[in-house]
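Trainee: Need a 3D model of the following:
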Amino acid sequence: MLQFFQAVLIALETIRVQKLKSFFTVIGVTIGVTFLIAVVSIVGGMGRYMKDDLVGKLIAVNSFSLRRQPDFQMGDVTQDQQREWRRRPRIQDIDVPPVAAALPPEVLWAVESGNNLQVESTYGSPKQMQCSTVSSDWFTIKKMGVSKGRLIAPQEYTMGTPVVVIGQDVADHFFPNLEAVGRQLRIQDIPYTVVGVAEKQGSAFGMSLDKFVIAPEKAPLNRWVNPHGVIDAMIVQAPTEAGMMDAMESVRAVMRARHKLHPTQPDNFAMENSATALEFWNKLQGYLVIAGVALPAIGLVVGAIVIMNIMLVAVSERTHEIGIRKSLGARRRDIMNQFLVESATLATFGAALGVALGIGFAKLIAAVSPLPAAVEVWSIFVGVGVGAGVGILAGIYPASRAALLDPIAAMRQE
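Mentor: Numbers count the residues shown, from 1 in each chain. Below is the predicted model of the structure:
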């Protein structure tokens, strides 16, 4: 143990005395570990963001949506798949009662339909906005409240009253420096009274989630977003994940019967929950992590070669010292361990520097771009461990050459 610490001290003293040489010795390891930490941090941060923020905002907990085709279409979609989606029957108003009847009483459901429509007000320039009509439990499922005013009342859903709840960006644009609640918006030349401003929803990859207008399902707006009795989606939420899975099977059975599908035919509708929405991301995340580990490996290989060459130079410079140590009783194992520890210490120092730079690089990217970054604790240990491993592997050949030196010949060399 004493010899181990002495070897570490020798390596640290070498770093202190020969700063420039030590820097170029470990720069390969430092660059490799820097990119490893940065890539893993960014990918990990994006994963948490996708699961906790983006998908969490778009798909409520323990809920799923019934649609004609998937709403999340990331990745390669073939033309044949797109044609198959277009051939599917639309989800209609008349599908809702039988689906709702198949659900247990504790399960909530709501329908939604939307479109980009022209919105105007007396106080702001006309603008295209996402306008939607929803049924009564939509705000409950989404867990969306209001920062000002109130939500749409039950009787307003029943009567189809022309009232709306708007997002914060809509309020800021159409009612700048004014109280939006109680004022009117004109949608397709029909006036609607603003009864509430929704709580701020934030953004996703730099795109605001607060640009929306919500009206009751039976309001006049419905004929613009729900032509011919077609709805965009029916959202279903159960109290538990197991209840959600049961509800999905119930809805699937009803829809297959309504679409007259044979047992061997695939579904011609889509049901998406948070797991299905994240399916593509989870696959992509795996590829990104592999790339994030493979690319820094090139820098680590270069770093290992540099460390090995520097250690070979160190063996040549300290041949006389090695001869003296061997003549005083040092064993081959002692000499080999000394150079291995020195090599590993140099590489570990470079890895530690790389960890610090990688964390800083990830934080910088998160600060200047919409890409989030979350430093994974395991990546720090992996980075330092990989650095130490590279040092040991790079030091094996120089250490073995030092251990095999003949003590008499070594002592003669100056």
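
Trainee: For residue 365, I want the exact helix or strand it lies within.
Mentor: For residue 365, the element it lies in under DSSP states H and E is helix 332-368.

Trainee: tell me which residues of that helix are tucked away?
Mentor: 335-355, 357-359, 361-362, 365-366 (16 or more other C-beta atoms under 10 Å). Where C-beta positions appear, they are placed from N, C-alpha and C, glycine not excepted.

Trainee: Now do the SS call for residue 37.
Mentor: Secondary structure for residue 37, judged by DSSP: H, G, I helix; E, B strand; the rest coil, is helix.

Trainee: Please tell me I have it right and it contacts residue 354.
Mentor: Yes - Residue 37 lies in contact with residue 354 (C-beta atoms under 8 Å); the separation is 6.8 Å.

Trainee: what residues do those two have in common as contacts?
Mentor: Overlap of the contact sets of residue 37 and residue 354 (by C-beta atoms under 8 Å, 6 or more residues apart in numbering) consists of residue 383.

Trainee: starting at the chain centroid, how far to the helix holding residue 365?
Mentor: Relative to the centre of its chain, helix 332-368 is centred 27 Å away, using C-alpha atoms, centre = their mean, to the nearest Å.

Trainee: So which elements touch it?
Mentor: Using 3 or more C-beta pairs under 8 Å, 6 or more residues apart in numbering; DSSP states H and E, the elements in contact with helix 332-368 are helix 2-17, helix 19-48, helix 279-317, helix 319-327, helix 377-403.

Trainee: how big is the angle separating that helix from helix 377-403?
Mentor: For helix 332-368 against helix 377-403, the angle by axes from the mean of the first three to the mean of the last three C-alpha atoms, to 10 degrees is 150 degrees.

Trainee: Next, the angle helix 319-327 makes with helix 332-368.
Mentor: Using the same axes, to 10 degrees: helix 332-368 against helix 319-327 is 130 degrees.

Trainee: mind listing the helices for the stretch 101-250 of the chain?
Mentor: 138-142, 154-159, 168-174, 222-225, 241-258 (DSSP state H, counting those that start in this stretch).

Trainee: which of those is buried the deepest?
Mentor: Among the helices of the stretch 101-250 of the chain, helix 168-174 has the highest mean neighbour count (mean count of other C-beta atoms under 10 Å), at a mean of 22.

Trainee: Can you list the neighbours in contact with that helix?
Mentor: 119-121, 123-124, 127, 129, 147-148, 166, 180, 185, 194, 197-198, 200-201, 208, 210-213.

Trainee: now with 6 Å?
Mentor: When contacts are defined by C-beta atoms under 6 Å, 6 or more residues apart in numbering, helix 168-174 is touched by residues 121, 124, 180, 197, 200, 208, 210-211.

Trainee: what do you get for stretch 178-195?
Mentor: 117, 119-121, 131, 148-150, 162-164, 166, 171, 175, 197, 220-221, 224.

Trainee: rewinding a little: in CSV: the helices and strands packed on helix 332-368, plus mean neighbour count and mean pLDDT.
Mentor: Shown next, in CSV, are these (neighbours: other C-beta atoms under 10 Å; pLDDT from 0 to 100):
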stretch, mean neighbour count, mean pLDDT
helix 2-17, 14, 68
helix 19-48, 22, 80
helix 279-317, 17, 77
helix 319-327, 17, 76
helix 377-403, 20, 83
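
Trainee: among the ones you listed, which is nearest residue 66?
Mentor: With C-beta to C-beta as the measure, helix 279-317 is the member of the helices and strands packed on helix 332-368 nearest residue 66 (17.5 Å).

Trainee: which strands and helices sit next to the closest one?
Mentor: helix 19-48, helix 332-368, helix 377-403 (3 or more C-beta pairs under 6 Å, 6 or more residues apart in numbering; DSSP states H and E).

Trainee: With distance to residue 296 as extra columns, can I get the ones you listed in a markdown table?
Mentor: Formatted as a markdown table, these follow (distance: least, C-beta to C-beta, whole Å):
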| stretch | distance to residue 296 |
| --- | --- |
| helix 19-48 | 4 |
| helix 332-368 | 9 |
| helix 377-403 | 9 |
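
Trainee: lowest confidence element among the helices and strands of this structure?
Mentor: helix 55-58 (a mean of 65; mean pLDDT, DSSP states H and E).

Trainee: What is the subsequent helix or strand relative to that helix?
Mentor: Downstream of helix 55-58, the next assigned helix or strand under DSSP H and E is strand 63-67.

Trainee: what angle separates that next one from helix 241-258?
Mentor: Using the same axes, to 10 degrees: strand 63-67 against helix 241-258 is 10 degrees.

Trainee: and for strand 63-67, what are the contacting residues?
Mentor: Against strand 63-67 from outside (C-beta under 6 Å, 6+ apart): 233-237, 248, 251, 270-273.
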